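> A predicted structure for the sequence below; I have some questions about it.
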Amino acid sequence: MLGVCYYPEHWPEERWALDARLMREAGLDVVRIGEFAWSKMEPQEGQYDWGWLDRAIETLAAAGLRIILGTPTATPPAWLTERYPEALRVGADGRRWGHGGRRHTCPTNPSYRELGARIVSAMSERYGGHAAVIAWQIDNELSNHSTGRCVCDSCRAAFQAWCCERYGTLETLNAAWGSVFWSQSYNAWTQIPLPSDPVGGGHNPSLQLAYRRFASDVHVDLVRSQVAILRTNAPDHILTTNVAVMDDEIDWHTVAEEVDIISWDNYPHGFATPSEVAFRHQLQRGFKRQPFWVMEQQAGPINWTAYNPPTPPGQVRLWTYQALLHDASALLYFRWRACRFGQEQYHSGLLNHAARPARGYTEAQQAAAELDQLGPLERPAARVALLCSFDDAWTHQIDPHHRDFDYWNLLRGLYASLWECGIACDIVRRRAPLDGYQLVVAPAPVLIDEREAQSWRDYVRAGGTLLLTCRSFVKDQDNLWTDQLLPAGLTDLIGAEAVEWFALPPDVPTAVSGAANQSMEIPLWAETLRSNTAEVLLHYTRDYYAGQAALTRQKRGSGQALYLGAYPTAELLAWLWTQLLPEEVHDLPSGVELLPLQTGWALLNHTAAALQVTLPGRWRDRFSGETFTLSAPLEPFNLRLLEAVDREG
Amino acid sequence: MLGVCYYPEHWPEERWALDARLMREAGLDVVRIGEFAWSKMEPQEGQYDWGWLDRAIETLAAAGLRIILGTPTATPPAWLTERYPEALRVGADGRRWGHGGRRHTCPTNPSYRELGARIVSAMSERYGGHAAVIAWQIDNELSNHSTGRCVCDSCRAAFQAWCCERYGTLETLNAAWGSVFWSQSYNAWTQIPLPSDPVGGGHNPSLQLAYRRFASDVHVDLVRSQVAILRTNAPDHILTTNVAVMDDEIDWHTVAEEVDIISWDNYPHGFATPSEVAFRHQLQRGFKRQPFWVMEQQAGPINWTAYNPPTPPGQVRLWTYQALLHDASALLYFRWRACRFGQEQYHSGLLNHAARPARGYTEAQQAAAELDQLGPLERPAARVALLCSFDDAWTHQIDPHHRDFDYWNLLRGLYASLWECGIACDIVRRRAPLDGYQLVVAPAPVLIDEREAQSWRDYVRAGGTLLLTCRSFVKDQDNLWTDQLLPAGLTDLIGAEAVEWFALPPDVPTAVSGAANQSMEIPLWAETLRSNTAEVLLHYTRDYYAGQAALTRQKRGSGQALYLGAYPTAELLAWLWTQLLPEEVHDLPSGVELLPLQTGWALLNHTAAALQVTLPGRWRDRFSGETFTLSAPLEPFNLRLLEAVDREG
Amino acid sequence: MLGVCYYPEHWPEERWALDARLMREAGLDVVRIGEFAWSKMEPQEGQYDWGWLDRAIETLAAAGLRIILGTPTATPPAWLTERYPEALRVGADGRRWGHGGRRHTCPTNPSYRELGARIVSAMSERYGGHAAVIAWQIDNELSNHSTGRCVCDSCRAAFQAWCCERYGTLETLNAAWGSVFWSQSYNAWTQIPLPSDPVGGGHNPSLQLAYRRFASDVHVDLVRSQVAILRTNAPDHILTTNVAVMDDEIDWHTVAEEVDIISWDNYPHGFATPSEVAFRHQLQRGFKRQPFWVMEQQAGPINWTAYNPPTPPGQVRLWTYQALLHDASALLYFRWRACRFGQEQYHSGLLNHAARPARGYTEAQQAAAELDQLGPLERPAARVALLCSFDDAWTHQIDPHHRDFDYWNLLRGLYASLWECGIACDIVRRRAPLDGYQLVVAPAPVLIDEREAQSWRDYVRAGGTLLLTCRSFVKDQDNLWTDQLLPAGLTDLIGAEAVEWFALPPDVPTAVSGAANQSMEIPLWAETLRSNTAEVLLHYTRDYYAGQAALTRQKRGSGQALYLGAYPTAELLAWLWTQLLPEEVHDLPSGVELLPLQTGWALLNHTAAALQVTLPGRWRDRFSGETFTLSAPLEPFNLRLLEAVDREG
């Protein structure tokens, strides 16, 4: 399902039919509209104008396009915030926002919530049964522009009520937060501050974690409230919401429970590397553990990074395939035509400002035509899983202890090292069931959860390999440090304990070595381990703790549990995968992505150079029909889909 | 006309006569006073004290000095802002300013405007007919300290009224701004925000440009209101206002229409290079296309840069000559004596704190004596013009697209490359008449103006050479992107169109080459051109667009129009000037400025090294009378004024 | 006296006795408690709960520990700021602080002051006569987290009243501040702004200095008010207050006059180098010119720097000795056990979170045992003094003129150069008596004080050596520049004057040379000197001022006064000490601290390397009894206490 994001309200009505025809000529069959058009739908409070939208939908439908409608609650009109100024959010600097951009309202404000529910109701009453409409996108990029954490008075009261709900009594809360520290104990719910209140020495980390959870819950509730309306008015439509790039202020695992499918907005130029794009596709896929949509796909230069470089030929088509190969079941390019006005004038579209087809148009057309021919691109289930938790991310962000310790960098690094070996890897919620995985990596799962610990024990006992990293099981769910040995409650499973932890300044790395005696530099973080019953795979080789364990392994039946005290560098991980998954490691040129298919391989060249990949066997390219023995050439920003050919073939 | 800035109110009255005598002994004949002395003139609201100023003027006049009076509206007294606190400006961070510095009031506030008009009236009633007074400086460094864009409630209302005035109806405004984008449409003037209101995703670029124009207009109106008073009360006096270093929040071309002469404050240590000082002199000269004044000339170390380095011997005299050679008709050193108190204690003067003559005094004295001997330094008219527009500057600042794209850097770079070749260049308003110029350079004139396009066509047809750079004629006057081919409305003139534009990250430059095959690196920005009828002078040599045009030329009769798609580097421009102005290019040591005089050359050595300049012919130095053949030696921080000598001479 | 900081309120009551026993087993005999427990002592306004504290004190006392009680005024409870919200301080950004950290109240707020006095009274009434209590710590780290300069309305009024008190009349104030500059003159006390009010061009430096003095006085008054209560209620107890690392918002010389002993919190990982730790010990020692306490001593990794590196074995013991050798008469480790909650979770303790003894425990125990054996570590009086003044620091901070000029860096550099030579140096208040010193260094004493000048003249006349640096005696006590020759009033003493000063950009250093002709690079600052009667020891060798004097010496009887116009680099100072103190200069490996003892030397190796130190003579190590001739080996992070042994010994 390929499509495009379209704003009929940005263009003369007489242009719509031509646009629709050109979309179809590009092989697109779905179009998203409406998500920023509140002021067009409801120009004054309670006065609706559906005529233009009726006609737009009819025009698009008439051309054979299916429609995704966006609820417009991300862009409340000027009349709304003029009349209900307290609906405007307040930033962490204490300033109330204004009209003029987007996401400027507070999700706990009753006026905003009521008027939002009203427009969603009105819209879905009108289009909830429309034949051409297939899905609804709820709001748009919730919490984008770092809007996930409002600190208005409404949020303050809501947070205090949330605390009351969670803890029941102030005694419980005071104990759970250790608020005796620095005389912070509360004897009224109204005393509980927001973490944006200026203070000396920072805020209590337990309060900070509570507030982050609250702010996430607020957005989950916003989604839930729109879902409730849409389920009633549009019972046959698919419900989704689109995740903005880099947004981690909301626990998307929880949001995902509310909607039918997760979609996200993929702008690779906002990321560092091709492996990060893959990482983010998998992250989205993991939110529901099912295929996802790319609701917005970069289709040319964008406008919001520092330099906004060009997209070379082949790039848009390659991104399209990468998304589909990572399990996207729909992909919509953003946007149809470069806009003549507003904040995204410099954002390219499939057509340029002058309505001429840009390179993206041609490549989208090519991909659509090819995909019609190719049929499904089925991939086998991944045998490796990387665990992920927004609670862990927030906890580490609240107190990274080492300035450069970043939870997401840790996950990205782990994923990238697997990606570079061509090892497929799911990214799943920490509490997900682990059946079927050969290897499960738990990166810095700092919050203790005994149920998960039990599930991990079961997983190992059943033959799985569990790799825990440093900073595992240190704090309870309220962000209080354990008084047990580390990792708390897991020392039996790993057969070892973490004795001392070292935050390593950039100019003072440490080093580890294994049996084969290669020495590897370790930056950032090191924990010295005391093995009780475990085997020591790596030990430190520097300073006064030279000889102490850095990586341990305890076998349990056919399973094993490893604990890695040293920060997992690319070098260390490359070595480790050859130990744990020797048969899965491929030797690939830098920038080449290898993805296993049911019947062969996909090989994606994310570089501007022509490359050669060695693959034992004989292969036929599904695009060109060419066959290759042992190695396949890869053109710049191009891919091959290789099917095994028997020797006689 | 040489002079000095003096603050009699800072020194004991008994010192004044001695100061006046020392000024005259230095050869100075004009003195600026009064511009910060509001609280001395009007110690309480409505109570005036002119005695001290009467005596100061008499003392200075008695010594033979002519006087420039500054209106004191840049420093409203404490009683004013205490009584009318809403007269205090509000910064972009939403904080109301306080008393204690300067420029702390809002130019739209009625109380400030009324009290300002009152002190200007009272002052000009008293001194408007004084024989020793020759000129008035209106206010001081309007919008210095980035004060040009107040966002108080008064400004908000004034901006909304300005919008109403400009657009007439909200329908017109909504259409002109494309405010349908993100539901920003307004159905009341009072809904229109200020760009300092915090938002997500930034403000609409059309609104931003409108606000910048409004803020500039406010200051023009402030000047106009003082001009009206002074024209009545001081009909025979010259009216000016002084431009602060680096200030581009106000459209000085428009301010210049209100006053008799433009003056500016030249602090070279606030700039990067000697060519930038020249650039800024020419910029000021261009505001009215006539000679200008340097109202404040650095005369020793200053106090507001990061390091405030010393001024070596010769430097102050050299700066003096540089200003006069760029057409300054008056120059006043800042300041007479280093101040014992206040924010500028570390700012040097012609006298030091202890009243001893500093190096600046001696050099000013030397320059004054020499100038008496030399007579006028007449220069021929420049044959090259660089076009300049504050509207273009603001538009690029609002959305540079590439972080390092800076309109003023572009202009400075173009000017510097001409300066390094010794080619004189005027800097004039985009809409200025172009008669008489051999070459006109239009740097990134992003806003489309059909009248100007027509005037450029006429200019080319009449035999001129027009050089347009990348980013020409992209948006309409309301900052909406054109739907025409680029440069919109100029493709016929240049015989080509700009097909695609690339923002180039710092580590990914591109390259161009011409017929002679030299390759030149291009950073920042590249547009690929499609030539219809034009000749291709440079083409790209890298990446997938290798071979596409980077510089085109279309001849029209004896004229020609060039379009340069590649960002104009120093290297590219050096090559281009040798193509376009071969007879004007000089080979000069770095740091030497060559300026043509009616009867010879001025050669300024802005370096600490002794240099040698090659000049075919025989020359006599007007200072020393020495003659040189073929080459002239230049002492550090010194200059030569060379007259041609016939072979027999 | 060794001890530890303990928070009984953080741990179950049943743990207290075990903790107390473990403290005693470590050899500790003093414990600080109570300083953050206001909400435990007074859970609601006027309701006291002393039971837990009674029991904690009894438990600790029963184990043989002596107790230092902290007044809890640094952490007002939530009920206080909820009921008296105006008690919350306001930051320089204009935002009122909130509950949730510490130091969030304003020291001029009457409610805070009254409730603070009440809890101190109640606490001291209860424990002021307790046999186990030996001392009181007033508040905690006054002005830590940059809280020393509140700008709430109460402070504004208090500052205006302070000005009225200091200057008497507005005429006097206007003259003293030169407020005629930029029309800043005041005709009502209420017009006087705070330096945090946003302005253009910065605030008047005289006002800024006045405000800094006021803010310091406010804290002195806070201390004084608690002292008054405690003198009444706890007449036999020692009174102290603890100085936070890096805190210079308060004039500690003045605070020191109020208390019996100065204590400070020593976290070497917050500093740059071991010499800076020594510098800070001496700084504290100088506040009262008597032994001091280390109230909090880092005892493992801390949690508030960028990287929080580990502490290698030996480090905690070495820091302990360093403190004692610099005259600490008590040292308490911070903290007893790593905390499970709150903002300092990652801060280590002598016990770790799981109550296991960390390395710090063992080393503290070792040090305590050794010290029992060693007896007193007496040092001879230092023969060098470095003068220090908070007024000078503030004045330079207000207008450093050169971005990198930093008063404290200047002092640290001077101290470090002496430290590296093994020369003991006191750091004393500028106005301190100088008897007994062989050399006194006055670094950039920018404020003129004629009484001090006279005392310096007397000191030189009596045979002392005085070294003045650049930027001496430039401004009067109200921060007005002198109109005298520089250094004002000292030109007779030094026999020279400073003619011109140069702020040197980083890429343009200058150079000096002396008789022996070695050339030394000089960054930052250079003053050219004109010698009247002085000898020139160094002259500049670069640029147009080559040959002018950079260091002069005038002998007066057996004394001498030197003026160093060039910024004192490490290289220049190393040379200078060999000239001035040839017999005191030792050649030490980098990172080794040498401290003279009455009977020998202490040698501290602050590095991770084994080093060798050359010491003519024969020495016995008081720890091991080993003897060494000529040189002594030093283990990493270890020390030797060497006693001279006669040749036969």
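Looks like it came in fine.

> now the helix or strand hosting residue A:513: how far from the chain's centre is it?
When secondary structure is defined by DSSP states H and E, residue A:513 falls within strand A:510-514. Between the mean C-alpha point of strand A:510-514 and the mean C-alpha point of its chain there is a distance of 33 Å (CA atoms, centre = their mean, to the nearest Å).

> residue of the stretch 451-600 of chain A nearest chain B, please.
Nearest residue of the stretch 451-600 of chain A to chain B: residue A:591, at 15.2 Å (CB to the nearest CB). (Each C-beta comes from the backbone N, C-alpha and C, glycine too.)

> tell me the pLDDT at that residue?
For residue A:591, the pLDDT comes out at 97.

> so residue A:525 is in which element?
Take DSSP H and E as the rule and residue A:525 turns out to sit in strand A:524-531.

> tell me the angle of the strand holding residue A:513 relative to strand A:524-531?
Counting by axes from the mean of the first three to the mean of the last three CA atoms, to 10 degrees, strand A:510-514 points 40 degrees away from the direction of strand A:524-531.

> next SSE downstream of strand A:510-514?
Next along the chain after strand A:510-514, taking DSSP H and E as the criterion, comes strand A:519-522.

> not counting its own residues, what contacts that next one?
Judged by CB atoms under 8 Å, 6 or more residues apart in numbering or on different chains, the contacts made with strand A:519-522 from elsewhere in the structure are A:504, A:509-513, A:541, A:550, A:566-567, A:569, A:571-572, A:575.

> again, 10 Å this time
Around strand A:519-522, the neighbours that count as contacts under CB atoms under 10 Å, 6 or more residues apart in numbering or on different chains are A:502, A:504, A:509-514, A:538, A:540-542, A:550, A:565-572, A:574-575.

> paired strands for that strand, with orientation please.
According to DSSP bridges, strand A:519-522 has the following sheet partners: strand A:510-514 (antiparallel).

> now do the buried residues in stretch A:359-369.
A:359-361, A:363-368 (16 or more other CB atoms under 10 Å in any protein chain shown).

> which one of those residues is nearest chain C?
When these are compared for distance to chain C, the smallest value, 43.1 Å, is given by residue A:360; criterion: CB to the nearest CB.

> pLDDT score for residue A:646?
Looking at residue A:646, the pLDDT reads 73.

> that one belongs to a strand, doesn't it?
No. Inclusion of residue A:646 in a strand is not indicated when DSSP: H, G, I helix; E, B strand; the rest coil is applied; the result is coil.

> list the contacts of it.
With contacts defined as CB under 10 Å, 6+ apart, residue A:646 is in contact with A:617-618.

> kindly report the same for residue A:396.
By CB under 10 Å, 6+ apart, the contact set of residue A:396 is A:405-408, A:410, A:444, A:446-447, A:471.

> okay, the buried residues of stretch A:359-369 in CSV with secondary structure, pLDDT and distance to residue A:176 next?
Putting the buried residues of stretch A:359-369 into CSV (DSSP: H, G, I helix; E, B strand; the rest coil; pLDDT from 0 to 100; distance: CB to CB, whole Å) gives the following:
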residue, secondary structure, pLDDT, distance to residue A:176
A:359, helix, 96, 56
A:360, helix, 98, 52
A:361, helix, 98, 56
A:363, helix, 98, 54
A:364, helix, 98, 53
A:365, helix, 98, 58
A:366, helix, 98, 57
A:367, helix, 98, 53
A:368, helix, 98, 54
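
> from these, which are also near chain B?
Filtering these for neighbours of chain B using CB under 10 Å from any CB of the partner chain leaves residue A:359.

> with adjacent residues omitted, what lies nearest to the residue of the stretch 451-600 of chain A closest to chain B?
Nearest residue to residue A:591, sequence neighbours excluded (CB to CB, 6 or more residues apart in numbering or on different chains): residue A:607, at 3.8 Å.

> do residue A:184 as well
Distance criterion CB to CB, 6+ apart; nearest residue to residue A:184, sequence neighbours excluded, is residue A:204 at 6.0 Å.

> and if you look at residue A:314?
What sits nearest to residue A:314 in space, not counting adjacent residues and going by CB to CB, 6+ apart, is residue A:637, at 3.3 Å.

> just residue A:74 next, same as before
Once flanking residues are discounted, residue A:74 sits nearest to residue A:140: 4.0 Å by CB to CB, 6+ apart.

> look up phi and psi at the one you found.
According to degrees, to the nearest 10, the main-chain angles of residue A:140 amount to phi -150, psi 120.

> so for it, what pLDDT did the model give?
Residue A:140 is assigned a pLDDT of 98 by the prediction.

> quick check: residue A:305 touching residue B:505?
Yes. Counting by CB atoms under 10 Å, a contact exists between residue A:305 and residue B:505, whose distance comes to 9.1 Å.

> mutual contacts of the two, please.
Where contact means CB under 10 Å, 6+ apart, the residues bridging residue A:305 and residue B:505 through contact with each are A:269, B:402-403.

> top of those residues by neighbour count?
Ranked by neighbour count under the definition other CB atoms under 10 Å in any protein chain shown, the shared contacts of residue A:305 and residue B:505 are headed by residue B:402 with 22 neighbours.

> skipping adjacent residues, who's closest to that residue in space?
Beyond its immediate neighbours in the sequence, the residue positioned closest to residue B:402 (CB to CB, 6+ apart) is residue B:503, lying 4.0 Å away.

> show me what the one you found is bridged to.
residue B:525.

> who's in contact with the residue of chain A at minimum distance from chain B?
The nearest approach of chain A to chain B comes at residue A:341, 2.2 Å away (CB to the nearest CB). When the contact criterion is CB under 10 Å, 6+ apart, the partners of residue A:341 are A:10, B:175-181, B:184, B:204-206, B:475-476, B:478-481.

> swap the cut-off to 6 Å and go again
In this structure, residue A:341 makes contact with B:178, B:181, B:480, judged by CB atoms under 6 Å, 6 or more residues apart in numbering or on different chains.

> nearest to residue C:122, of those?
Checking these against residue C:122 by CB to CB gives residue B:181 as the nearest, at 63.4 Å.

> got the contact list for that closest one?
Residue B:181 sits in contact with A:341-342, where contact means CB under 6 Å, 6+ apart.

> just the pLDDT for residue A:599.
At residue A:599, the predicted lDDT confidence score is 84.

> identify the residues contacting the residue nearest to residue A:184.
Remark: with contacts taken as CB under 6 Å, 6+ apart, residue A:204 is in contact with A:177, A:184, C:342.

> the last one - that's part of a helix, no?
No. Under three-state DSSP, residue C:342 falls outside any helix and is assigned coil.

> got a list of what the residue of the stretch 1-150 of chain A found nearest chain C touches?
Nearest to chain C in the stretch 1-150 of chain A, going by CB to the nearest CB, is residue A:94, at a distance of 5.5 Å. Taking CB under 6 Å, 6+ apart as the definition of contact, the neighbours of residue A:94 are residue C:95.

> retrieve the pLDDT associated with it.
With respect to pLDDT, residue A:94 scores 97.

> mind checking the SS state of it?
Each residue gets one of three states, and residue A:94 gets coil by three-state DSSP.

> circling back: who's more crowded, residue A:305 and residue B:505?
Remark: of residue A:305 and residue B:505, residue B:505 carries more neighbours, 19 against 16, as counted by other CB under 10 Å.

> for that one, which non-adjacent residue is spatially closest?
Excluding the flanking residues, the one nearest residue B:505 by CB to CB, 6+ apart is residue A:307, at 4.0 Å.

> my guess is that neighbour contacts residue B:506, does it?
No. Shown here, residue A:307 and residue B:506 do not form a contact pair, counting by CB atoms under 6 Å, at 7.3 Å.

> ranges for the helices of the stretch 51-200 of chain A?
Ranges of helices in the stretch 51-200 of chain A, per DSSP state H, counting those that start in this stretch, are A:51-62, A:78-83, A:110-127, A:153-167, A:170-177.

> want to try CSV for the ones you listed, with distance to chain C as columns?
Rendered in CSV, the data for the helices of the stretch 51-200 of chain A read as follows (distance: least, CB to the nearest CB, whole Å):
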stretch, distance to chain C
helix A:51-62, 44
helix A:78-83, 23
helix A:110-127, 24
helix A:153-167, 10
helix A:170-177, 7
